[in-house]
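Enquirer: sequence plus the predicted model coming up.
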Amino acid sequence: MTSLTLVRRIRARPSIVFEAMTTPDGIAQWWGPDAGPVLLAESDARMGGRFQVRFRTLDGTEHESTGEYLEVVASKRLVMSWRWTTGGEPDEHDEVSRVEIDFKPIDAGTEITFTHARLKTEASRSSHEAGWAGALDKLVRHLSSERIAGGRAHDLSEEHAK
Amino acid sequence: MVNYQERQLDRTFAALVDRTRRAILARLEREHSASVTELAEPFAIKLPAVMKHLDVLESAGLITRSKAGRVVTVRLRPQPMKEAMDWLRRYERFWSGSLDRLAAYAERKEEEARRKSR
């Protein structure tokens, strides 16, 4: 049930952001964590359609991920399955995870809420459905930042006391 | 080894779901070690319930318990938490970098669209 959620505000209207995320031309412009090139981008953004993206990072290694579109609501919501087939996280090559993206129009453009969730065990799946995966993330980040800040952990016990 | 790590990760997160257990961990992070009695004090639950929480935390490998006479001392074991964090950080790096690039690209397209409509 481990999951990562990122929220981004983009100064572009939802239809443009959605297109950038779902078309091969768009994907080729941004996919990958650094300035390395996208080598292959295929995307058929409709329910049951597939995507396949191969990219090279600046350290010279190649990575490829693939998956299926599970929900496609133009300019609003995207859900897809996700699997590394080359590089990426080699430990996870047999593992299917899930990516969910919500697009919300805001005055300045679009707010996207992006979640990548592992779907490992039965327990993790049901917990994800129960909806506390996000809350758990916050906790983990909280604990994580406390570690970095040097053990300022009392917030949690106060939370418990309420 | 890989499978072991995967299971470990799931156990770690399952153990973290509960508030009482999180509070126990937070306290151990602050104080390094505490006796079971001390740990139970702030909670409005009975000692056996606290013991059950400690069982979950111990089987997830998040704490260790050692007994000296009648006192059981509980200590934090940070490694599993660190592994869970590492997973999140790897993906955060990947997606954070990608989404930055996506934003820059979409913003360029937006400007183009506005120029054209003028």
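Expert: It's in.

Enquirer: hmm, the lengthiest helix in chain B in reach of chain A?
Expert: Counting by DSSP state H, the longest helix found in chain B is helix B:79-117. Yes - Helix B:79-117 comes into contact with chain A (Cβ under 8 Å from any Cβ of the partner chain), by way of B:81, B:84-85, B:87-88, B:90-99, B:101-107, B:109-110, B:113. Where C-beta positions appear, they are placed from N, C-alpha and C, glycine not excepted.

Enquirer: report the buried members of the residues you listed.
Expert: Listed as buried from these are B:81, B:84-85, B:87-88, B:91-92, B:94-95, B:97-99, B:101-103, B:105-107, B:109-110; burial here means 16 or more other Cβ atoms under 10 Å in any protein chain shown.

Enquirer: check which element follows the helix or strand bottoming out on mean pLDDT in chain B along the chain.
Expert: Taking mean pLDDT, DSSP states H and E as the measure, the helix or strand of chain B with the lowest value is helix B:2-16, at a mean of 70. Using DSSP states H and E, the next helix or strand after helix B:2-16 towards the C-terminus is helix B:19-31.

Enquirer: right, and the helix or strand after that next one?
Expert: strand B:33-35.

Enquirer: list the residues that contact the residue positioned nearest the centre of chain A.
Expert: Note on chain A: the residue nearest the mean C-alpha position is residue A:116, at 3.5 Å, using Cα atoms, centre = their mean. The neighbours of residue A:116, taking Cβ atoms under 8 Å, 6 or more residues apart in numbering or on different chains as the test, are A:3-4, A:82, A:97-99, B:91, B:95.

Enquirer: what helix or strand is it on?
Expert: Going by DSSP H and E, residue A:116 is in strand A:109-118.

Enquirer: in its sheet, what does that strand sit against?
Expert: With DSSP bridges as the test, strand A:109-118 is paired with strand A:3-10 (antiparallel), strand A:97-106 (antiparallel).

Enquirer: mind putting those into TSV with distance to residue B:33 and mean pLDDT?
Expert: What follows is the strands paired with strand A:109-118, written out as TSV (distance: least, Cβ to Cβ, whole Å; pLDDT from 0 to 100):
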stretch	distance to residue B:33	mean pLDDT
strand A:3-10	32	88
strand A:97-106	37	95
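
Enquirer: in TSV, list those strands along with mean neighbour count.
Expert: Below are the strands paired with strand A:109-118 laid out as TSV (neighbours: other Cβ atoms under 10 Å in any protein chain shown):
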stretch	mean neighbour count
strand A:3-10	18
strand A:97-106	17
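
Enquirer: let me see the confidence value for residue A:148.
Expert: If you check residue A:148, the pLDDT there is 41.

Enquirer: would you reformat the strands paired with strand A:109-118 as CSV and include distance to residue B:37?
Expert: Shown next, in CSV, are the strands paired with strand A:109-118 (distance: least, Cβ to Cβ, whole Å):
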stretch, distance to residue B:37
strand A:3-10, 36
strand A:97-106, 42
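
Enquirer: got the angle for the strand ranked longest in chain A vs strand A:97-106?
Expert: The single longest strand within chain A, with elements called by DSSP state E, is strand A:62-73. Here the directions of strand A:62-73 and strand A:97-106 differ by 60 degrees (axes from the mean of the first three to the mean of the last three Cα atoms, to 10 degrees).

Enquirer: packing partners of strand A:62-73?
Expert: strand A:50-56, strand A:77-86 (3 or more Cβ pairs under 8 Å, 6 or more residues apart in numbering or on different chains; DSSP states H and E).

Enquirer: out of these, which gets nearest to chain B?
Expert: strand A:50-56 (9.3 Å; Cβ to the nearest Cβ).
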